[in-house]
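Student: Sequence plus the predicted model coming up.
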Amino acid sequence: MRRYVAAIDQGTTSSRCIVFDRDGRVVEIAQREHEQIFPRAGWVEHDAETIWRNTESVITEVLEKAGITAADIAAVGVTNQRETTVVWERATGKPISHAIVWQDTRTDRLCDELGGDIGRSRYQEKTGLPLSTYFAGPKLRWILDNVAGARARAEAGDLCFGTMDSWVLWNLTGEHITDVTNASRTMLMDLRTLQWDSQICTEFDVPESMLPQIRSSSEVYAEISSGPLAGIPVAGILGDQQAATFGQACLIPGEAKNTYGTGNFMLLNTGTIPVTSEHGLLTTVCYRLGTTDPVYALEGSIAVTGSLVQWLRDNLGLIESADEIEDLARTVDDNGGAYFVPAFSGLFAPRWRPDARGVIAGMTRFIGKGHLARAVLESTAFQTREVVDAMRSDAESGNLDLELTTLKVDGGMVANDLLMQFQADILDVPVVRPVVIETTALGAAYAAGLAVDFWSTTDEIRGNWKADKTWEPNMSAEVRDEYLTTWNKAVERTYNWAE
């Protein structure tokens, strides 16, 4: 009897393979980081071939560490950094350029051009997304316009486009496939038909022949063709934030999770009808299990949270490792009046200000390293509060019973007790961390396992979820309001910086 499900988690900074048992517990994990490439200010790239080599390595390593073989694995799920865009040769599988990462801002002027007289909301009704450098469609158009020979080769049918799930699946199986959650992040898919929209593709000047086939998030796509998992079906694909939502068992409308990673991503399950946001959020596909109706979500995407801690470490040298920031922040009682707005690549949800750039406001001679560390952590909580407020406003305007009463959290930063307590205080709702915090990979494993009857129903997934720690709010309303008012003043200082 096959005892486990494996998940490949191709993330922004590393690629991992994690093996889970039937209770959703981690059996073993292997991880390998890859280089962040910054050719120019605002440009962020990855070497897709290196990422694939790392993926191969972690698959082999995790099986060796766990002392198991393919015979123990029922299925493989894939989850991925979502909007990161790669184009490769159909005949050779070789990328024609570096992958353009979701954080990259080079397509800002192109987004204005695509919006025309209507502006950046031009495709939002169909796709759930504003025109932004964040999404894959403009990145693909940039590659076609700027990589020598790319457009002619694409029109001849010689090139494949994909987000990183498609790239991993192509290398595992030879199939050119994506799922509805990743397709919903391209700006090229109609949210309601769940198919590529020919009119949008024409207006983006993107040949449909280079797009992958769109499938559900949980079904058998193909068997792995070679390597230590040869013959095992790949049976689940979810974009990383949708995977974390699924792994957190947010399966009922009104349930929400927030992932604290390179950026922050909050998703609120809204059920089987897509809800159009009027307050700066994204409408996205949350998941689709086989032939069942798709489930949608409202999403608040924040560009810089955990990566701000990395910046404090790598660019300023104030800490030697990311986990040191909590101890440094605890050397002071508060932020000393300093507020850090990390608009390094503009502001994402709910403000969507590509012209913004980062500021540290409220600086005085009193401010020291501890205050800056605290301001870095607090910026994550403040940005999350803005997203929650937008979700509440959308719920009220849409007459939806979606009030957030508890926030489920996951990701690397949830080990930081100081941040989690401040988050509960600023939100004025309890914050709950699950026992298994590898929820992104777990969600992909669940999707794959459901497709092969390793788990029979989503009730088993809900039964596996267990709380580890809860932070209750204990901040007064007056102090909270003062914090939020000053934060908003700091954010407004970031506007109109970039042309």
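Tutor: That came through, no problem.

Student: Where does the prediction get shaky in the stretch 1-150 of the chain?
Tutor: For the stretch 1-150 of the chain, the stretches with pLDDT under 70 are 1.

Student: does G254 sit in a helix, a strand or a coil?
Tutor: coil (DSSP: H, G, I helix; E, B strand; the rest coil).

Student: Could you confirm R151 falls within a helix?
Tutor: Yes. With three-state DSSP as the criterion, R151 is assigned to a helix.

Student: I'd guessed it sits against D145; true?
Tutor: Yes. Using C-beta atoms under 8 Å, R151 is in contact with D145, at 7.1 Å. Every residue, glycine included, has its C-beta placed from N, CA and C.

Student: Can you get me a residue count around N146?
Tutor: Neighbour count of N146, defined by other C-beta atoms under 10 Å: 11.

Student: Could you do the one 5 residues further on as well?
Tutor: A count of neighbours around R151, defined by other C-beta under 10 Å, yields 18.

Student: Identify the residue nearest it in space, chain neighbours excluded?
Tutor: Residue nearest to R151 in three dimensions, not counting chain neighbours: L144, with 4.7 Å by C-beta to C-beta, 6 or more residues apart in numbering.

Student: buried stuff in the one helix or strand that neighbour maps to?
Tutor: Assigned by DSSP states H and E, L144 falls within helix 136-146. For helix 136-146, burial by neighbour count (16 or more other C-beta atoms under 10 Å) applies to 136-144.

Student: Ok, stretch 89-109 next?
Tutor: 90, 95-108.

Student: picking up where we left off before, the helix holding L144 - contacts with which helices or strands?
Tutor: On a contact count with 3 or more C-beta pairs under 8 Å, 6 or more residues apart in numbering; DSSP states H and E, helix 136-146 meets strand 85-89, strand 99-100, helix 108-115, helix 150-155, helix 198-204.

Student: rerun at 10 Å
Tutor: Packing partners of helix 136-146 (3 or more C-beta pairs under 10 Å, 6 or more residues apart in numbering; DSSP states H and E): strand 85-89, strand 99-100, helix 108-115, helix 150-155, strand 159-163, helix 198-204.

Student: Let me have the ones you listed in CSV, extended by distance to D453.
Tutor: Shown next, in CSV, are the helices and strands packed on helix 136-146 (distance: least, C-beta to C-beta, whole Å):
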stretch, distance to D453
strand 85-89, 33
strand 99-100, 35
helix 108-115, 44
helix 150-155, 40
strand 159-163, 28
helix 198-204, 37
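
Student: Pull the contacting residues for W102.
Tutor: For W102, the contact set (C-beta atoms under 10 Å, 6 or more residues apart in numbering) comprises 12, 44, 81-85, 133-136, 139, 163-164, 185, 262-263, 301, 303, 345.

Student: For R151 and D145, list the residues in contact with both.
Tutor: Counting by C-beta under 10 Å, 6+ apart, the residues touching both R151 and D145 are D205.

Student: Give me the three-state assignment for V479.
Tutor: At V479 the chain is in helix, as set by three-state DSSP.

Student: Let me know whether it touches D425 as I believe.
Tutor: Yes. Using C-beta atoms under 10 Å, V479 is in contact with D425, at 8.3 Å.
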